[in-house]
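> Requesting a structural model of the entry that follows:
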Amino acid sequence: MTIETGRVPGVVAERARAALSALPPSEARAAQVLLERGSDVVRMSVSEIAAAAGTGVGTVVRACQSLGFKGFQDAKIALSQDLAPLVGEHSPEHIVDGDRPPTCSRSSPPAAVTPCGARR
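Reported below is the predicted structural model:
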């Protein structure tokens with residue numbers, strides 16, 4: 001299972017796929033969102049998952065508990081750990097040695113700015 005296939009690898013996906021048919025319908029929808037959204041889940045809130053699944057926040061938490069996690073945060077952490085080995089050449093965020101931020105195109109540096117935003 002790789003990023004290219006769109007399938008989420010690891011513990012979270014294995015648990016979700018194994019339990020999907022045994023979960024109550026609303027929890028199954030929440031688990032399905034975890035599978036379908038993959039790496040996006042780590043950037044989503046429990047409310048966003050609930051909205052995507054058409055369920056409530058409590059249902060998402062219960063679904064995660066039914067999958068063997070303490071709750072949504074625990075499942076989210078496990079998902080990020082599942083995805084960590086895949087970050088690299090497949091990731092647009094990948095940074096290599098020697099990468100530098102873009103330089104300013106101005107010919108002279110900008111005027112000094114005080115913390116409150118007023119120019120000196």
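
> Poorly predicted segments of the chain, please.
Counting by pLDDT under 70, the chain shows low-confidence ranges at 1-9, 85-120.

> Helices along that one, start to end?
Ranges of helices within the chain are 11-19, 25-37, 46-53, 57-66, 72-83, based on DSSP state H.

> Now do the last one: everything it contacts.
It stands for helix 72-83. Helix 72-83 has contacts (C-beta atoms under 8 Å, 6 or more residues apart in numbering) with 8-13, 34, 38-39, 41-42, 46, 49, 60-61, 64, 67, 69. (C-beta placed from N, C-alpha, C; glycine too.)

> burial count for Ala84?
Residues lying near Ala84 (other C-beta atoms under 10 Å) number 10.

> ok, now Leu67?
Neighbours around Leu67, by other C-beta under 10 Å: 23.

> again, but for Glu48
If you count neighbours by other C-beta under 10 Å, Glu48 ends up with 16.

> How about the one 5 residues further on?
Under the neighbour criterion other C-beta under 10 Å, Ala53 is assigned a count of 22.

> and it, how far is that from Gln32?
For Ala53, the distance to Gln32 (C-beta to C-beta, to the nearest Å) stands at 7 Å.

> cool, and Ala19?
11 Å.

> what does Arg15 give?
Distance, Arg15 to Gln32, using C-beta to C-beta: 13 Å.

> what does Glu48 give?
Separation of Glu48 from Gln32 (C-beta to C-beta) stands at 15 Å.

> who's in contact with stretch 50-57?
With C-beta under 8 Å, 6+ apart, stretch 50-57 has contacts from 26-27, 29-30, 32-33, 37, 44, 46-47, 59-60.

> Now the buried members of the residues you listed.
Those of the contacts of stretch 50-57 that meet the buried threshold are 26-27, 29-30, 32-33, 37, 44, 46, 59-60, by 16 or more other C-beta atoms under 10 Å.

> Alright, I will stop here.
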